[in-house]
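Q: Sequence first, predicted coordinates after that:
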Amino acid sequence: MNLTLTPDHVRAVAPSNANPAAVVAALAPVITRYGIDQTPERLGMFLAQWAHESNFICTSENLNYSAQRLSEVWPNRYAVNPRAAVKVPNAVARRLAAAGPQAIASHCYGGRMGNGAETTGDGWTYRGRGWPQLTGRDAYRAYGRLIGMDLEGNPNLLLRADVSAAVAGAYWAHRRYQGRTLNELADAGHMISVTQAINGGQNGLQDRLARYRRVIGRLREQAAALAAQEALVRPVLRLFVNGVEMSLADAVIAEDTITLPSGVHPIDQRTQVGEKLYVTTG
């Protein structure tokens, strides 16, 4: 079964997105390639997670933070007392806020995630971009290789919807949490585990859950309709009557009866599963 992603699904998880049809066009091949469209739970979780990260808007992390905001976002680095209920920015936070976004990015991300030292400017060059807000030289290199594009050399490619979609799909397909794929975790309804795999923590958990709840019902309704349609349109190749397989040549099925070599029998119940038809007679 392949679910069909629609603009309404995108609107449900990302109501602020101005062009949901473009999101659908970018994601359609990706969700099929990685089997995300096989169950409502997978597609719903995928949409909710990435909608939380970016609302499917291709943008770059601007890092235009005040000293106070720095102390709240990264308390262990920029608050006088990280454990205090009310965060007070330290001297480093005040200096960086005055210097601006590039200085903040270089200090926050420099010397880690494959980035060069603070003075190289890598922190700004490889700041968060695109739908997945991919961050760090290592990640740009690795996911560029997975999708066959030089993201390390051309980081702004992530500001294209098709590239963001490809990276979001590759990230989803290749991440593991406690040995399980994100498709497996999504099928089991493990929102916390999927969030941990994507975020590295539980930031925004309630928002991710709220977005999931807004779309999962619609996806399940579509899945049920597809299942019913499949049962109607697929040809019957094997017949089982009261649990015994019979030749189709020996049976004539009317609306409420089945004629067999033994005679005409009323049908109590009939159920089609793929190409198999199961009939129970009275």
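A: Ah, there it is. Numbers count the residues shown, from 1 in each chain.
Q: residue contacts, Leu151?
A: Leu134, Tyr140, Arg141, Tyr143, Gly144, Leu157, Leu158, Val163, Val167 (CB atoms under 8 Å, 6 or more residues apart in numbering). C-beta coordinates here come from the backbone N, C-alpha and C atoms, glycine included.
Q: what's the answer for Glu118, then?
A: Contacts for Glu118 (CB under 8 Å, 6+ apart) come out as Ser106, His107, Gly110, Gly111.
Q: The helix or strand harbouring Ala93: what's the following helix or strand?
A: Secondary structure assignment for Ala93, by DSSP states H and E: helix 91-99. Using DSSP H and E, the helix or strand that follows helix 91-99 in sequence is helix 101-109.
Q: Tell me the buried residues in the top helix by length along the chain?
A: Across the chain, the longest stretch assigned as helix under DSSP state H is helix 205-233. Neighbour-count burial for helix 205-233 flags Arg208, Arg211, Tyr212, Arg214, Val215, Ile216, Leu219, Gln222, Ala223 (criterion: 16 or more other CB atoms under 10 Å).
Q: check contacts around the residue nearest the centre of the chain.
A: Most central in the chain under CA atoms, centre = their mean is Phe46, positioned 1.4 Å from the mean C-alpha point. Residues in contact with Phe46 (CB under 8 Å, 6+ apart) are Ile31, Ile36, Ala168, Trp172, Leu182, Ala186.
Q: doesn't Ile192 make contact with the last one?
A: No. With contact defined as CB atoms under 8 Å, Ala186 does not count as touching Ile192 (11.9 Å).
Q: Which of those two has more residues huddled nearby?
A: Shown here are Ala186 and Ile192; by other CB atoms under 10 Å, Ala186 has more neighbours (26 against 14).
Q: nearest spatial neighbour of that one, skipping sequence neighbours?
A: Using CB to CB, 6 or more residues apart in numbering and skipping residues adjacent in sequence, the residue nearest Ala186 is Met45, 3.8 Å away.
Q: Identify the residues contacting Gly136.
A: Each residue near Gly136 by CB under 8 Å, 6+ apart is listed here: Tyr109, Arg112, Met113, Gly114, Asn115, Tyr126.
Q: One more: Leu43?
A: Counting by CB under 8 Å, 6+ apart, Leu43 touches Leu3, Leu5, His9, Ile31, Ile36, Asp37, Leu219.
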